[in-house]
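Colleague: Predicted model and sequence follow; I will ask about them next.
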Amino acid sequence: MFKVGDRIIIKTDITKYTDFFGKNMEYYKGKTATITRTYTTSAVGEVFVLDIASQRWAWLDAWLDHAGPDFLTDEEIDRINKLNHV
């Protein structure tokens, strides 16, 4: 479903595997990121490392959505707003 290089959005409604979702990960809900690597664990299967939070956490596919080609990141919106003097 996901692969290295995919641009994703971290879901805001985390309902699965909540025991593995750390408190410090809450800040990243709704943020966009890019998958930098994947690996498999015996506890939950495939996990994903993202280019945020110093790549310190493993994220599960149940917590991620694909960022479509029409999706703008906060950085892109800021850049567009600056260009338009907004």
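Modeller: That came through fine. Numbering: from 1, shown residues only.
Colleague: Helix, strand, or coil at D78?
Modeller: Of the three states, D78 takes helix under DSSP: H, G, I helix; E, B strand; the rest coil.
Colleague: How about T36?
Modeller: With three-state DSSP as the basis, the three-state label of T36 is strand.
Colleague: got a list of what it touches?
Modeller: Remark: with contacts taken as Cβ atoms under 8 Å, 6 or more residues apart in numbering, T36 is in contact with 4, 49-51, 55. C-betas here are computed from N, CA, C, even on glycine.
Colleague: in this protein, which spans are helices?
Modeller: Along the chain, counting by DSSP state H, helices occupy 74-83.
Colleague: so where's it uncertain?
Modeller: By pLDDT under 70, the weakly predicted segments of the chain are 69, 71.
Colleague: Spatially central residue in it, please.
Modeller: The central residue of the chain, meaning the one whose C-alpha is nearest the mean C-alpha position (Cα atoms, centre = their mean), is I10 at 3.9 Å.
Colleague: isn't that one right next to D61, touching?
Modeller: No: judged on Cβ atoms under 8 Å, I10 makes no contact with D61 at a distance of 11.4 Å.
Colleague: before we move on, back to that, kindly reformat the contacts of T36 as JSON lines containing neighbour count.
Modeller: Putting these into JSON lines (neighbours: other Cβ atoms under 10 Å) gives the following:
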{"residue": "V4", "neighbour count": "11"}
{"residue": "V49", "neighbour count": "18"}
{"residue": "L50", "neighbour count": "22"}
{"residue": "D51", "neighbour count": "13"}
{"residue": "Q55", "neighbour count": "12"}
